[in-house]
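Visitor: Below are the sequence and a predicted model; questions follow.
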Amino acid sequence: MPALRSERWLARRVPAARHIRLGRRQVFILPTRAGLLFAGALLPMLLVAINYQNSLAYALCFLLVSLALVSLLHTWRTLLGIELRAGSVGATFAGQAAGFQVLLESDGARQAIALGWSRSERVFVDIPSNGQARVELLLAAPRRGWLTVPRLRVESRFPLGLWVAWSWVDLQQRALVYPQPASGPLTLGRAGGDQEGGQPAGEGVDDFRGLRQHQPADGIRRVDWKAFSRGQGLRVKDFAALAGGDWLLDLDSLSGPLEERLSRLCQAVLHLSAEGRPFALRLSGRHLGPASGAAHREACLRALALHGLAS
């Protein structure tokens, strides 16, 4: 409940937008741990100066207090007036990290600005004298679909580290996360003359399809001896002939959990696209292709990423 109230307060104080300028109401400042230790060291010095009425001790205390106050102003002004813009966002695969670009602009040079979602993920950047800088932040993408980033923390402890000025901004960025490609040998369906079919066009030696149990009619050259040495039994390599027609990748023709089937289809899309082969993708009534090329590849990966999810 307190977290919800603070989120609402932040939404009013720092509204979400793809372009945000940090004004006086958007920059907050507090002493750091080093600042508190600094203040704790000043207190006994001041008590000694009062007790002994020592002018040099008074001068040293006032000098250090003035230094801390000037540092407070510099720390606060480091973030004041900075403009943050949402940059490009690249798609990624589940289990990897998505990259988010943020553009920073100011009226002059700014130093030691940290951006990140947590202390371990902070990236430090200096804005040069021309007033522009670009930084790329990485965020883990554990599952497919849309990855919406949380509020980004922008902070500075420049110049002495006695104060920390910060703000939380929402640049309304999100990344598309594709399913994680399956590993291992491909098992693909191929449509011959009938585009509604999902079975291979025939048996042959053109394309590796997977492993199957050994039969008496199988030749010894196809035996997978590595699998046999691992105690997996006598298995032979199965090949499919490429005898015309386009590849058909059908979700309903595969068995297993949904995410596993999507991963296998993602692996097939990447494999066929890399080889330049035309293929079609069918997802529970939705049909893409047959086609080839980068645009078809991206359309299929997007369909796999958002299958069964709200777009």
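Guide: Perfect, thanks for sending it.
Visitor: Which residue ranges make up each domain of this structure?
Guide: What automatic domain parsing lists as the domains of the chain is 2-178, 180-201+246-311, 207-241.
Visitor: Now those domains in JSON lines, please, with extra columns for mean pLDDT and mean neighbour count.
Guide: To be clear about C-beta, it is placed using only N, CA and C from the backbone, and glycine gets the same treatment. Below are the domains of the chain laid out as JSON lines (pLDDT from 0 to 100; neighbours: other Cβ atoms under 10 Å):
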{"stretch": "domain 2-178", "mean pLDDT": "91", "mean neighbour count": "16"}
{"stretch": "domain 180-201+246-311", "mean pLDDT": "79", "mean neighbour count": "17"}
{"stretch": "domain 207-241", "mean pLDDT": "63", "mean neighbour count": "13"}
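Visitor: any idea which helix or strand comes after the helix ranked longest in the chain?
Guide: The longest helix of the chain (DSSP state H) is helix 55-79. Counting by DSSP states H and E, the element after helix 55-79 in chain order, helix or strand, is strand 83-89.
Visitor: Give me the residues contacting that following strand.
Guide: Counting by Cβ atoms under 8 Å, 6 or more residues apart in numbering, the neighbours of strand 83-89 from elsewhere in the structure are 18-22, 98-106, 134, 152, 154, 169, 171-175.
Visitor: The nearest residue to Ala175 once chain neighbours are set aside and Cys300, how far apart?
Guide: Leaving out its chain neighbours, the residue that sits closest to Ala175 by Cβ to Cβ, 6 or more residues apart in numbering is Ala98, at 3.9 Å. The spacing between Ala98 and Cys300, counted by Cβ to Cβ, to the nearest Å, is 19 Å.
Visitor: Hmm, His19 and Asp170 touching each other?
Guide: No: counting by Cβ atoms under 8 Å, His19 is not a contact partner of Asp170; they are 11.7 Å apart.
Visitor: now the helices for this protein?
Guide: Per DSSP H, the chain has helices spanning 2-13, 33-52, 55-79, 225-229, 258-274, 294-306. These are given in chain order.
Visitor: closest one to Ser129 among the ones you listed?
Guide: The minimum distance between Ser129 and the helices of the chain falls on helix 55-79, with 14.8 Å, by Cβ to Cβ.
Visitor: Can you list the helices and strands that that closest one packs against?
Guide: Packing contacts for helix 55-79, counted by 3 or more Cβ pairs under 8 Å, 6 or more residues apart in numbering; DSSP states H and E, involve strand 28-31, helix 33-52, strand 110-116, strand 152-156, strand 163-169.
Visitor: Please repeat the previous calculation with a cut-off of 7 Å.
Guide: In terms of contacts (3 or more Cβ pairs under 7 Å, 6 or more residues apart in numbering; DSSP states H and E), helix 55-79 is packed against strand 28-31, helix 33-52, strand 152-156, strand 163-169.
Visitor: Identify the residues contacting that helix?
Guide: Taking Cβ atoms under 7 Å, 6 or more residues apart in numbering as the criterion, the residues outside helix 55-79 that touch it are 22, 27, 29, 38, 42, 45-46, 48-49, 110, 113, 154, 156-160, 162-163, 165, 167.
Visitor: Please check which residues sit opposite the spatially most central residue of the chain as beta-bridge partners.
Guide: A centroid search over the chain (Cα atoms, centre = their mean) returns Ala98, at 2.2 Å, as the residue closest to the centre. Beta-bridge pairing of Ala98 under DSSP bridges involves Leu139.
Visitor: That one is in contact with Arg174, isn't it?
Guide: No: assessed by Cβ atoms under 7 Å, Ala98 is found out of contact with Arg174, at 9.0 Å.
Visitor: any common contacting residues for those two?
Guide: Shared between the contact lists of Ala98 and Arg174 (criterion: Cβ under 7 Å, 6+ apart) are residues Leu147.
Visitor: Now Gly308. Its backbone dihedrals?
Guide: Here is the backbone geometry of Gly308 (degrees, to the nearest 10): phi 80, psi 0.
Visitor: Quick check: it vs Pro179, distance?
Guide: Gly308 sits at a distance of 11 Å from Pro179 (criterion: Cβ to Cβ).
Visitor: Likewise for Leu251?
Guide: Distance from Leu251 to Pro179, by Cβ to Cβ: 11 Å.
Visitor: now swap in Gly285 and tell me
Guide: When Gly285 is compared with Pro179 (using Cβ to Cβ), they lie 19 Å apart.
Visitor: Kindly report the same for Arg261.
Guide: Applying Cβ to Cβ to Arg261 and Pro179 gives a distance of 9 Å.
Visitor: And Ala165, by the same measure?
Guide: Ala165 sits 41 Å away from Pro179, going by Cβ to Cβ.
Visitor: One more: Ala227?
Guide: 27 Å.
Visitor: go on, Thr32?
Guide: Look at Thr32 and Pro179: by Cβ to Cβ, they are 43 Å apart.
Visitor: likewise Ser292?
Guide: With distances defined as Cβ to Cβ, the gap from Ser292 to Pro179 amounts to 20 Å.
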